[in-house]
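> Here is the input, now give the coordinates:
(chains A, B, C and D)
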2 protein chains.
Amino acid sequence: MADVSIKDVAQLAGVSIATVSRCLNNPEKVTEKTRHKVQQAILETGYSPNTLAQSFRRGRTNLVMVVLPSVGDPFFTDLMRGVHTAADAKGYSIIIEETQLNSMTADEIGAMLVSKQTDGLMLAASMSPFGTDILSASSNRRLPIVIACEAVSPELSEFASVHIDNVGAAKEATNFLISQGHRDIAMIYGQKTSLLTKDREDGYRAAMRAASLPIYDGWIVAGELTLAGARRATRKLLNHERRPTAIFCANDEMAIGAVHEAKSCGYRVPDDLSIIGFDDIRYAEVLDPPLTTISQPAEEIGERAMYRLCREIEEGRQSASRPEIVPHKLVIRQSAGKPPTD
Amino acid sequence: MADVSIKDVAQLAGVSIATVSRCLNNPEKVTEKTRHKVQQAILETGYSPNTLAQSFRRGRTNLVMVVLPSVGDPFFTDLMRGVHTAADAKGYSIIIEETQLNSMTADEIGAMLVSKQTDGLMLAASMSPFGTDILSASSNRRLPIVIACEAVSPELSEFASVHIDNVGAAKEATNFLISQGHRDIAMIYGQKTSLLTKDREDGYRAAMRAASLPIYDGWIVAGELTLAGARRATRKLLNHERRPTAIFCANDEMAIGAVHEAKSCGYRVPDDLSIIGFDDIRYAEVLDPPLTTISQPAEEIGERAMYRLCREIEEGRQSASRPEIVPHKLVIRQSAGKPPTD
DNA sequence: AATATTACTGTAAACGTTTACATTTGCAAT
DNA sequence: ATTGCAAATGTAAACGTTTACAGTAATATT
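Sure thing, here's the model as predicted:
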């Protein structure tokens, strides 16, 4: 049952193996009658093509690597769900690499890419130096790449990408805080090297500038995109000589950490401190207080990025591809309110 | 650089391709001197073996499928981290299938298994009917299988497994509630068909029985292992004619939902209602109130299960394997306290 | 020094496909 | 009935490895 090859089918159907292969891959090149015979034989033998042999022969693995900071972040799990949906539909398998935990270098990623013989690469909010280093590897191997979640830096602009308007969304979040009356707004974010948070920082700065609000030294604090990282960052802000009345967090994971830290230090959220997040992961809603945040269509981003990647793999790299921008939305809950009036 | 094959290396080193292959796979069978020559040639050409060809030739994909309810649950992401660690170390890649979201049938899983030519299968807390159906598929193909997280039902006992003592842990959780003075303790859990939650239910029942406490009709409510499922289940309990003073949740995801629902219905946790979870996901600690729960070493389970699977793949199925039991721990935080005194 | 033994290397087949090319078949046009 | 042509099928090579087997070189044994 398991070890039946195309040969057995051919024999049973009384045709050559080439014909069987054609039945499967180019049915239009084969007579109705023989096609029927072959189908019958396939059913009878329980044949299913050996994907290994196919991959080998075709030189395609149908394997795609996706690089992301952390699979533990619900945002990325949602993203991955979309990726999987598209991958399943197109017959691809996924290999995941986490940069945050393993802190892989671009070289290591590259090595993985060749050793696993992946057909394509999806960079999801990975660190910026990666991209550029991988660029060369890619142009050597002509490896299709798409970038998800983050805007593409100029030197990477030859690649396709799918993401929200991170700058605009960050502006919106900051403006919301300003509209509530806040003037002292700080920001915490992840790795300095992440393009993703770079864009969000840009948006924050732009909004502050537009409102003529100062950003004091030490008000933009880098941590890690983890609960613990956020708590450390928040503590710094709470101890700042000019303590902000609101914090804009680069993602919800950090916002959750920030809320927690603020509460354990005795501050009430949002009465003493307003906190706003980014991503709208499902825990944002059940947090106490429920998190005001920017909602991104994570699953859609993943799905579209994956479809895009499949297209590049199958049709070759598209020239001059424009980034696909998907919509975001400010979700107002209760973690951000008016500043304290004292 | 990319399309250099073993032939090129052989040519450059002035040896046969067989020797090159041996250098890579059985270096001890080759002279120091030739080995050196070959190494040199490999470096010079930048050769790296074509994994496709290798897989094809060896008849092994180094691909393992892991089936789990949901990748969105932080418990399973932690588990997967361990799985990946082991897989990377042993040179395997992972394909993930979610049963909860896609509600795949055993047949579909089986089809995936053959079409992807996976070398092994890890069933992580998947539904019970799966196991038995896949059993036959497995014994046909002699597919190595290991079961993670859940105890193995009798008919599956031929397979290796790695998990905590679910029954014991559930007893412990329930006993803790009893020790706090609770007598009216209900339970919410996921799919009725899940062995995992079955064990936890058994533990709960055993503890209640041992304390001579009644379990009223409708006190054990099945939902889904999601926030929404938990909220629905909790609502039922809160409206029960004999409203329990404590709820034991089959996992933290549900516990979070339960806490949220209780709070939105105006109950204080733990003053009016005690809630205890299971898994100790990282959000358990930042919840308000911080969640009392059973901690499982998710990452370790994943890692050990994966190593086990690799061993089965490489050495053939081990006979009469005993389940590997890893330790759990009751983590007491603040979501479970004494029952209301009114 | 001849032989037996061992250690190393080379030759060639095999794995299951796909596909370029050659061959045959069927059918239409003459 | 030929011929011509297109469509269908078959033949065989190729993909890059691994490995059984054969062959050769090196070493040990007499």
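
> shaky segments in the stretch 101-250 of chain A?
Counting by pLDDT under 70, the stretch 101-250 of chain A contains low-confidence residues at A:101-104, A:126-141, A:151-156, A:192-195.

> Run through the helices of it in chain order.
Taking DSSP state H, counting those that start in this stretch as the test, the helices found in the stretch 101-250 of chain A are A:106-116, A:128-141, A:166-179, A:195-210, A:227-238.

> Torsion angles phi and psi at residue A:62?
phi 60, psi 40 (degrees, to the nearest 10).

> OK, contacts around the closest residue to it other than its chain neighbours?
Nearest residue to residue A:62 in three dimensions, chain neighbours excluded: residue A:92, at 5.0 Å (Cβ to Cβ, 6 or more residues apart in numbering or on different chains). Where you see a C-beta, it was placed from the backbone N, CA and C, and this is true even at glycine. Going by Cβ atoms under 8 Å, 6 or more residues apart in numbering or on different chains, residue A:92 touches A:62, A:63, A:64, A:119, A:306, A:310.

> and the first one, how many neighbours?
I take that to be residue A:62. 19 (other Cβ atoms under 10 Å in any protein chain shown).

> What of the fifth one?
Neighbour count for residue A:306, taken as other Cβ under 10 Å: 30.

> Quick check, pLDDT for it.
If you check residue A:306, the pLDDT there is 96.

> just to revisit the earlier point, save the helices of the stretch 101-250 of chain A as a markdown table, and put in distance to residue B:70 too.
Converted to a markdown table, those look like this (distance: least, Cβ to Cβ, whole Å):
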| stretch | distance to residue B:70 |
| --- | --- |
| helix A:106-116 | 26 |
| helix A:128-141 | 29 |
| helix A:166-179 | 28 |
| helix A:195-210 | 25 |
| helix A:227-238 | 21 |
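
> Turn those into TSV, including distance to residue A:43 and mean neighbour count.
Shown next, in TSV, are the helices of the stretch 101-250 of chain A (distance: least, Cβ to Cβ, whole Å; neighbours: other Cβ atoms under 10 Å in any protein chain shown):
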stretch	distance to residue A:43	mean neighbour count
helix A:106-116	34	17
helix A:128-141	40	17
helix A:166-179	52	21
helix A:195-210	50	21
helix A:227-238	54	21
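
> I'd like the ones you listed written out as JSON lines, with distance to DNA strand C added.
Shown next, in JSON lines, are these (distance: least, Cβ to the nearest atom of the strand, whole Å):
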{"stretch": "helix A:106-116", "distance to DNA strand C": "19"}
{"stretch": "helix A:128-141", "distance to DNA strand C": "20"}
{"stretch": "helix A:166-179", "distance to DNA strand C": "41"}
{"stretch": "helix A:195-210", "distance to DNA strand C": "38"}
{"stretch": "helix A:227-238", "distance to DNA strand C": "48"}
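
> who touches the residue nearest to residue A:96 when sequence neighbours are not counted in this structure?
Spatial nearest neighbour of residue A:96, excluding adjacent residues (Cβ to Cβ, 6+ apart): residue A:66 at 5.7 Å. Residues near residue A:66 by Cβ under 8 Å, 6+ apart: A:80, A:83, A:94, A:95, A:96, A:97, A:121, A:122, A:123, A:124.

> Which members of the residues you listed are the farthest-apart pair?
By the measure Cβ to Cβ, these have their two most distant members at A:80 and A:121, which lie 14.9 Å apart.

> how long is stretch A:206-214 from one end to the other?
11 Å (Cα to Cα, to the nearest Å).

> Actually, stretch A:7-19.
OK, stretch A:7-19 end separation, Cα to Cα: 11 Å.

> cool, stretch A:112-125 as well?
Terminal residues of stretch A:112-125 lie 19 Å apart, using Cα to Cα.

> Is there proximity between it and DNA strand D?
No: counting by Cβ under 7 Å from any atom of the strand, DNA strand D is not contacted by stretch A:112-125; separation bottoms out at 10.3 Å.

> Just the pLDDT at the nearest residue to residue A:340 once chain neighbours are set aside, thanks.
Using Cβ to Cβ, 6+ apart and skipping residues adjacent in sequence, the residue nearest residue A:340 is residue A:272, 5.7 Å away. pLDDT recorded at residue A:272 is 97.

> Quick check: residue A:272 vs residue A:265, distance?
Going from residue A:272 to residue A:265 by Cβ to Cβ, to the nearest Å gives 10 Å.

> And residue A:34, by the same measure?
In terms of Cβ to Cβ, residue A:34 sits 77 Å off from residue A:265.

> count of neighbours near the residue in the stretch 151-300 of chain A positioned nearest to DNA strand D?
Closest residue of the stretch 151-300 of chain A to DNA strand D, Cβ to the nearest atom of the strand: residue A:159 (27.0 Å). Residues near residue A:159, counting by other Cβ under 10 Å, number 21.

> Now do the same contact list for the nearest residue to it once chain neighbours are set aside.
Excluding the flanking residues, the one nearest residue A:159 by Cβ to Cβ, 6+ apart is residue A:145, at 4.9 Å. Contacts for residue A:145 (Cβ under 8 Å, 6+ apart) come out as A:120, A:121, A:122, A:123, A:134, A:138, A:159, A:160, A:309, A:312.

> and residue A:145, what are its bridge partners?
Beta-bridge partners for residue A:145, by DSSP bridges, are residue A:121.

> part of a strand, is the residue nearest to residue A:96?
Yes: assessed with DSSP: H, G, I helix; E, B strand; the rest coil, residue A:66 lies in a strand.

> What distance do you get for it to residue A:94?
Residue A:66 is 6 Å from residue A:94, by Cβ to Cβ.

> Pull up the overlap in contacts between these two.
Joint contacts of residue A:66 and residue A:94 (Cβ under 8 Å, 6+ apart) are A:80, A:83.

> what residue lies at the spatial centre of chain A?
The centroid of chain A falls nearest to residue A:124 when counting by Cα atoms, centre = their mean (3.6 Å).

> so what's it up against?
Taking Cβ under 8 Å, 6+ apart, we find residue A:124 in contact with A:66, A:67, A:68, A:69, A:76, A:79, A:147, A:148, A:149, A:302, A:305.

> how about those, which pair is most distant?
Pairwise distances across those (Cβ to Cβ) peak at 15.4 Å, for the pair A:69 and A:305.

> And stretch A:61-71, how far out from the chain middle?
On the basis of Cα atoms, centre = their mean, to the nearest Å, stretch A:61-71 sits 10 Å off its chain's mean C-alpha point.

> so what's the backbone phi/psi at the residue nearest to residue A:62?
phi -100, psi 150.

> What does the pLDDT read for it?
pLDDT, residue A:92: 90.

> Let me see the contact set for the residue nearest to residue A:248 when sequence neighbours are not counted.
Take residue A:248 and drop its neighbours on the chain: the residue closest to it by Cβ to Cβ, 6+ apart is residue A:187, 4.6 Å away. Counting by Cβ under 8 Å, 6+ apart, residue A:187 touches A:200, A:201, A:204, A:219, A:220, A:221, A:247, A:248, A:249, A:250.

> Just to be sure, which of these are found in strands?
Members of these lying in strands (criterion: DSSP state E): A:220, A:221, A:247, A:248, A:249.

> can you pull the contacts of the second one?
Think residue A:221. By Cβ under 8 Å, 6+ apart, the contact set of residue A:221 is A:186, A:187, A:188, A:189, A:233, A:236, A:237.

> If we use 6 Å, what do you get?
If a contact means Cβ atoms under 6 Å, 6 or more residues apart in numbering or on different chains, then residue A:221 has A:188, A:233, A:236 as its contacts.

> check contacts around the residue of the stretch 51-200 of chain A found nearest chain B.
Here the stretch 51-200 of chain A gets closest to chain B at one residue, residue A:56, 4.1 Å apart by Cβ to the nearest Cβ. By Cβ under 6 Å, 6+ apart, the contact list for residue A:56 reads B:52, B:53, B:56.

> As TSV, the contacts of residue A:187 with distance to residue A:40 would be great.
Converted to TSV, the contacts of residue A:187 look like this (distance: Cβ to Cβ, whole Å):
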residue	distance to residue A:40
A:200	60
A:201	64
A:204	66
A:219	73
A:220	69
A:221	69
A:247	68
A:248	65
A:249	62
A:250	59
